[in-house]
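Undergrad: sequence isn't available, so here's the structure alone:
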């Protein structure tokens with residue numbers, strides 16, 4: 001099975017559709033939440049990055065963006081917060 005990564009970028013008044021090989025992409029992450037409370041998590045970056053919600057006793061699939069949140073070793077950092085009430 002082969003995957004293709006598709007990006008759609010709006011620049012000025014033009015849309016660009018970019019097709020790249022997904023073999024170089026990191027695999028998606030599965031966040032398992034075995035706790036009784038909901039969690040929100042997001043990648044660490046210099047710019048704002050949307051958070052993903054994971055309900056209690058549930059799981060969520062998250063795909064990392066390319067270079068967002070990579071440290072010097074190339075690993076990705078995430079921030080996880082507990083949602084109370």
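TA: Arrived safely, thanks for sending. Since the model is a prediction, treat every value here as computed from it, not as a measurement.
Undergrad: how near is the residue sitting furthest away from the middle of the chain to residue 6?
TA: Distance from the C-alpha centroid of the chain, by C-alpha atoms, centre = their mean, peaks at residue 13 (27.2 Å). Noted for residue 13: a distance of 21 Å to residue 6, by C-beta to C-beta, to the nearest Å. (C-beta placed from N, C-alpha, C; glycine too.)
Undergrad: and residue 23, how far from residue 16?
TA: Counting by C-beta to C-beta, the gap from residue 23 to residue 16 is 22 Å.
Undergrad: can you give me the mean pLDDT across the helix or strand encompassing residue 39?
TA: If you go by DSSP states H and E, residue 39 is part of strand 38-43. Model confidence over strand 38-43, given as mean pLDDT, is 82.
Undergrad: beyond it, next helix or strand please.
TA: Going down the chain from strand 38-43, the next helix or strand is strand 52-54, by DSSP H and E.
Undergrad: distance from the chain centre to that following strand, please.
TA: The chain centroid and the centroid of strand 52-54 are separated by 11 Å, computed with C-alpha atoms, centre = their mean, to the nearest Å.
Undergrad: just stretch 17-36 next, same as before
TA: Distance, centroid of stretch 17-36 to centroid of chain: 7 Å (C-alpha atoms, centre = their mean).
Undergrad: for that stretch, which outside residues touch it?
TA: Outside of stretch 17-36, the residues within contact range by C-beta atoms under 8 Å, 6 or more residues apart in numbering are 2-9, 39, 41, 52, 54-64, 66, 76.
Undergrad: of those residues, which belong to helices?
TA: Counting by DSSP state H, none of the members of the contacts of stretch 17-36 fall within helices.
Undergrad: next step: those residues restricted to strands.
TA: 4-9, 39, 41, 52, 54, 58-62 (DSSP state E).
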